[in-house]
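> output the structure for:
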Amino acid sequence: MSYPLANDIHRATTWSIPLSILMIAAGIIAVVVPALAGAAVTAIIGVLLMFSALLHVAFAWRASKQRTVLWEILLSVIYGAVGIYLLASPRRGLLSLTLAVATYLLVEGILEFVLSFELRPTPGAGWLLFDGIVTLALAVLIWSTWPSSAMWVVGTLAGVSMLFSGITRLMFSMALRRMAS
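Got it, this is the predicted structure:
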């Protein structure tokens with residue numbers, strides 16, 4: 001006997017499994033060729049910033065207060081300038097993105113340390129300290145090898161993220177399919 005929900009799950013996983021495999025393959029390619037993946041990420045972020053600049057112009061057009069219009073136009077110029085910078089000079093854009101990642105990891109690591117000491121008596125707070133140590137180590141690794149790290153950091157991080165997302169989605173889809181059988 002076939003249940004409608006089981007048919008829906010089977011249909012959904014029929015698409016989800018091959019897409020997950022493609023995501024895994026893309027992640028592996030990004031890890032193997034991180035400079036190419038980093039350039040692609042830089043270009044995508046540049047395009048998204050340009051799109052955001054256009055949206056801020058639209059928000060300025062619709063704003064009723066003069067001060068809001070001014071802020072929206074200013075934001076549009078900033079987003080547009082950074083987007084153009086990333087698209088016009090992908091190598092320098094990748095260098096900038098790598099520094100942004102290192103800065104983010106540094107700040108996150110420090111905050112994890114602070115939080116781990118604030119929550120010290122709480123069970124599991126040691127994991128926050130561990131996370132802070134690993135995050136700070138990554139930040140130091142990136143900072144200490146910059147600018148050469150720019151050729152691998154962004155692409156490798158994007159690739160690892162795609163790889164693990166693909167694996168997670170594949171395992172989840174296969175588990176759903178087994179459950180529906």
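> what's the burial count for R169?
Around R169 sit 17 other residues, with neighbours defined as other CB atoms under 10 Å. To be clear about C-beta, it is placed using only N, CA and C from the backbone, and glycine gets the same treatment.
> ok, for it, nearest residue in space, not its chain neighbours?
S20 (4.2 Å; CB to CB, 6 or more residues apart in numbering).
> nearest residue to the middle of the chain?
Centroid-nearest residue in the chain: A158, 6.6 Å away (criterion: CA atoms, centre = their mean).
> and that residue, how far is that from H10?
From A158 across to H10, the span is 32 Å (CB to CB, to the nearest Å).
> give the contact list for the residue nearest to L111 when sequence neighbours are not counted.
Spatial nearest neighbour of L111, excluding adjacent residues (CB to CB, 6+ apart): G132 at 7.8 Å. Going by CB atoms under 8 Å, 6 or more residues apart in numbering, G132 touches G109, I110, L111, E112, F113, L115, S116.
> what is the nearest of those residues to I73?
L111 (33.2 Å; CB to CB).
> work out for me the element the closest one sits within.
helix 90-118 (DSSP states H and E).
> buried residues in that helix?
90, 93-99, 101-102, 105-106, 108-109, 112-113, 116 (16 or more other CB atoms under 10 Å).
> next one: stretch 159-175
Neighbour counts over stretch 159-175 (16+ other CB under 10 Å) mark G159, M162, L163, G166, R169, L170, S173 as buried.
> now the element after the helix holding L111, going C-ward?
Per DSSP H and E, helix 90-118 leads on to helix 125-145 as the next helix or strand towards the C-terminus.
> measure how that next one sits relative to helix 90-118, angle-wise.
150 degrees (axes from the mean of the first three to the mean of the last three CA atoms, to 10 degrees).
> state the pLDDT value of A25.
Per-residue pLDDT puts A25 at 94.
> find the nearest non-adjacent residue to M50, please.
G83 (3.9 Å).
> correction: the previous question concerned I24.
That would be G166: by CB to CB, 6+ apart, it lies 3.6 Å from I24.
> so where does the one you found fall, helix or strand?
Assigned by DSSP H and E, G166 falls in helix 153-180.
> now that helix: how far from the chain's centre is it?
14 Å (CA atoms, centre = their mean, to the nearest Å).
> repeat for stretch 123-141
Using CA atoms, centre = their mean, the offset of stretch 123-141 from its chain centre is 19 Å.
> which other helices and strands does the helix holding L111 contact?
Packing partners of helix 90-118 (3 or more CB pairs under 8 Å, 6 or more residues apart in numbering; DSSP states H and E): helix 34-62, helix 66-88, helix 125-145, helix 153-180.
> got these as JSON lines, with distance to A25 columns?
Putting these into JSON lines (distance: least, CB to CB, whole Å) gives the following:
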{"stretch": "helix 34-62", "distance to A25": "13"}
{"stretch": "helix 66-88", "distance to A25": "26"}
{"stretch": "helix 125-145", "distance to A25": "25"}
{"stretch": "helix 153-180", "distance to A25": "8"}
